[in-house]
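Visitor: give me the fold of what follows.
(chains A, B and C)
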Amino acid sequence: MLLQEATVATLERLGKQLAIHADDGRVLCLHLGMSGQVQLVDPGDPVKPHTHCTWSLREGRRRLEMRFVDPRRFGGLWTFASRDRLLGDRWSQLGPDALDLDPGLLARQLEGRARGLKATLLDQAIVAGLGNIYVDEILFRARLHPRQPAGTVKRDEVERIADATLGILGQAIQQGGSTVRSWLDSEGQVGEFARSHKVYGRSGDMCVDCGQPLRDDLVAQRQTVWCPNCQRLKRRKR
DNA sequence: CACGACCCCTGGATGC
DNA sequence: TGCATCCAGGGGTCGT
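Guide: Numbering: from 1, shown residues only, chains lettered A, B, ... in the order given. Predicted coordinates:
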């Protein structure tokens, strides 16, 4: 089943997906989706609604429980017989991890793409790990329009996106993530990065850089906020 | 193959 | 106050 009678050896991550490797080679891959949570709690702790899976863990003498809680069920769990199978069958669908981006790598991923930057950066096959909040924050910091065709960005702009990605994600990790509604980490703590959002959730507010009002629209089926003054769409042929 | 539209789901926010 | 409706978004699937 989902890693019964296993000894946890290592943990691994690619983009938004986590892998727990057992010492016999088996792998449990987890994706939290929107509302998913992995809890590490005392076995006596009350069980939250929408707890779909529970593992009894032992670490030395200490007993605890890992619980997968996911009210909206956008997350998922998958098992594999080996790391090779995880990589071949599932993670092969993912692009390079956002934290591994450098300008050269990003330029190759964006090259020749007609889609806008927002849709392109949200696509986990192109860059793994970016979601709606962070793409908006990254494009604001890079001063690029969400609908700018990805294949038209110039070298210095690619560098700005790569820099902004590492900067935004680094800051967000330091601040424990973005609690927008009810997101909690594995110890039940809220994240503080939402206070630092400069565009996400701030449509109509004044741009922190230029003072013009931020606007929003549906881009790539996601609510998208940007500064029409700082993030201009550049008409270019490819 | 590349890309866009739609759909899944629940709880919190909003409207009347 | 209470009920109905809307909205949030990661990503799979399907149509063009």
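
Visitor: is there proximity between the longest helix along chain A and DNA strand C?
Guide: Secondary structure of chain A per DSSP state H: the longest helix is helix A:155-174. No - counting by C-beta under 7 Å from any atom of the strand, DNA strand C has no neighbours in helix A:155-174; the shortest distance is 12.5 Å. To be clear about C-beta, it is placed using only N, CA and C from the backbone, and glycine gets the same treatment.

Visitor: hey, C-alpha coordinates of whatever helix or strand comes next after that helix in CSV?
Guide: Heading C-terminal from helix A:155-174, the first helix or strand you meet, by DSSP states H and E, is strand A:215-219. The C-alpha trace of strand A:215-219 is given here as CSV (Å, rounded to 0.1, in the frame of the first residue of the first chain):
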residue,chain,number,x,y,z
ARG,A,215,-5.3,46.3,-12.5
ASP,A,216,-6.5,42.7,-12.8
ASP,A,217,-7.9,40.4,-15.4
LEU,A,218,-8.3,36.7,-16.1
VAL,A,219,-5.0,35.5,-17.7
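
Visitor: what lines up beside strand A:215-219 in the sheet?
Guide: strand A:222-226 (antiparallel) (DSSP bridges).

Visitor: quick one: average confidence on the strand it pairs with?
Guide: Averaging pLDDT along strand A:222-226 gives 96.

Visitor: again with stretch A:3-20
Guide: Across stretch A:3-20, pLDDT averages out at 95.

Visitor: for it, measure first residue to last.
Guide: End-to-end span of stretch A:3-20 (C-alpha to C-alpha, to the nearest Å): 9 Å.

Visitor: if you count neighbours, what's buried in stretch A:86-99?
Guide: Neighbour-count burial for stretch A:86-99 flags A:86, A:87, A:90, A:91, A:94, A:95, A:96, A:98 (criterion: 16 or more other C-beta atoms under 10 Å).

Visitor: touching DNA strand C at all, it?
Guide: Yes - in terms of C-beta under 7 Å from any atom of the strand, part of stretch A:86-99 sits within range of DNA strand C, namely residue A:93.
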